[in-house]
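need a 3D model of the sequence below.
(4 chains)
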2 protein chains.
Amino acid sequence: MDRRIKKSQKAIMNALIHLMAEKDFEHITINEIAEHADVNRGTVYSHYTDKYDLLDKCIEAQLQQLIKSCLPMDETETNLSMDSLLRTFQQMEKDIFIYRTLLTNKGVPSFRNHLQEMMKKEIREQINEYSMDDTSKEIIVQFLSSAIVGVIEWWLMQQTVPCSAKKLSAMLRQLLRLHSEGASLLLEGASDEFAEDKGEGF
Amino acid sequence: MDRRIKKSQKAIMNALIHLMAEKDFEHITINEIAEHADVNRGTVYSHYTDKYDLLDKCIEAQLQQLIKSCLPMDETETNLSMDSLLRTFQQMEKDIFIYRTLLTNKGVPSFRNHLQEMMKKEIREQINEYSMDDTSKEIIVQFLSSAIVGVIEWWLMQQTVPCSAKKLSAMLRQLLRLHSEGASLLLEGASDEFAEDKGEGF
DNA sequence: CCGGTTTTGTTGATTTTTCAACAAAATGGA
DNA sequence: TCCATTTTGTTGAAAAATCAACAAAACCGG
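As a prediction, the model looks like this:
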């Protein structure tokens, strides 16, 4: 990609994020974005259809970065491993301003959703090693992904980062292990009990 | 000026300064500057003849900023007044990295000289209110400008700024007043004494 | 000293960005 | 509701930047 394009897109996306830290997305104009980015208004339009397209692409770019940071670096590493988690949180900490803004801005409910979807996908891959029915799996996936996103939100939204990315990933790693194993045992027990009840009920 | 030109020149000048913080000017290549600035090498050449031209223009730009910051804001304000000095030091503090680099890099003896020339000019305008011969005036100008530049160098080159720009300008202002008045009295006394000696000598 | 490599300075074709201008749509206040 | 102002989306011409390529000069190690 031509470096001019890269520079323009980066400037425009950064401008959007900074403006979103100050006002609602709906109240931001293309003019403001262009001025803030120090590019011509036409340049914004040559890269993005409108501000909604810009926002979508901005979110997408951030998510791609996150996905990239949490990819296993070799085949010995699993998803949601300690190293993978650490890289993800370090990436977030590095661009903390961006993530805070995307998570708080009223006009952007979807970033949180995207983040959770990303976590769900990772958890599903981890949880496939447990034998249980699909509904049970989805309950666990929902439970854990909500918990992770909740913790991430808490972590990012403090005035100062409450603990290091390293500590956070270590704690989350432990919590994930504990809760996924615990949940799977619990659900197996409930399933057996349900089967017995059904047998006796009829 | 077209904003593209402004952006390119700024990026190129900043790249030079950053590279100069790491290595001698003589060992810096145009290639490195272009890469650091994230512009095409041809762009560097379209704005500057060679790296020496770039350096000259870079120094000139910084000096212009300094001059601008120390200009009187209205006719009630004099040169080297408290406010004028303060604005100058605040400007330096704001771009402290640049000034440190320009003052320390082996390849740039001239920045310090430019700075001193600038101070000399200011002091000359202040000192014209004292009646004394030209040589005496120049001695005082040299004395005070060297002292000011010496203090500025000391102030900028510490690991952390040793005192606020406000405190520095207040102290310098007092020192300037004390030393210019004291020096003018001293030189008047020496002039009289010299005349007497000459009379008696012969 | 020689030769391989790096750097410089330049050229030309192409692309992206700039800017001004215009019409249409949206906004907000009276 | 009306109207003045602002914002949007677009167009076309010009300028600046990009890139690859080339030749010459400079550098540096054997």
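
buried ones in stretch A:84-104?
A:84-89, A:91-92, A:98-103 (16 or more other C-beta atoms under 10 Å in any protein chain shown). (Each C-beta comes from the backbone N, C-alpha and C, glycine too.)

endpoint to endpoint, it covers what distance?
Start-to-end span of stretch A:84-104 (C-alpha to C-alpha, to the nearest Å) is 25 Å.

off-centre distance for it?
Distance of stretch A:84-104 from the chain centroid (C-alpha atoms, centre = their mean, to the nearest Å) equals 9 Å.

do the same with stretch A:51-70
Using C-alpha atoms, centre = their mean, the offset of stretch A:51-70 from its chain centre is 10 Å.

what sits up against it?
With contact meaning C-beta atoms under 8 Å, 6 or more residues apart in numbering or on different chains, stretch A:51-70 is reached by A:12-13, A:16-17, A:25, A:28, A:30, A:33, A:44, A:47-48, A:79-80, A:84-85, A:87-88, A:90-92, A:95, A:98-99, A:102, A:107-108, A:110-111, A:114-115, A:118, A:122.

filter the residues you listed by proximity to DNA strand D?
A:Ile30 (C-beta under 7 Å from any atom of the strand).

in strands only, show me the contacts of stretch A:51-70.
Among the contacts of stretch A:51-70, no member falls in strands (DSSP state E).

a markdown table for the buried residues of stretch A:84-104, including distance to A:Asp56 and pLDDT?
Below are those laid out as a markdown table (distance: C-beta to C-beta, whole Å; pLDDT from 0 to 100):
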| residue | distance to A:Asp56 | pLDDT |
| --- | --- | --- |
| A:Ser84 | 26 | 80 |
| A:Leu85 | 27 | 81 |
| A:Leu86 | 29 | 84 |
| A:Arg87 | 25 | 85 |
| A:Thr88 | 22 | 85 |
| A:Phe89 | 25 | 86 |
| A:Gln91 | 20 | 87 |
| A:Met92 | 20 | 86 |
| A:Ile98 | 15 | 86 |
| A:Tyr99 | 17 | 87 |
| A:Arg100 | 19 | 86 |
| A:Thr101 | 15 | 85 |
| A:Leu102 | 12 | 84 |
| A:Leu103 | 16 | 82 |
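
which among those gets closest to A:Val151?
A:Val151 lies nearest to A:Phe89 out of these, by C-beta to C-beta, at 10.2 Å.

contact partners for that closest one?
Contacts of A:Phe89 by C-beta under 8 Å, 6+ apart are A:152, A:155, A:165, A:168-169.

likewise for A:Ser169?
Taking C-beta under 8 Å, 6+ apart, one finds A:82, A:85-86, A:88-89 in contact with A:Ser169.

if anything else comes up later, I'll come back, but that's it for now.
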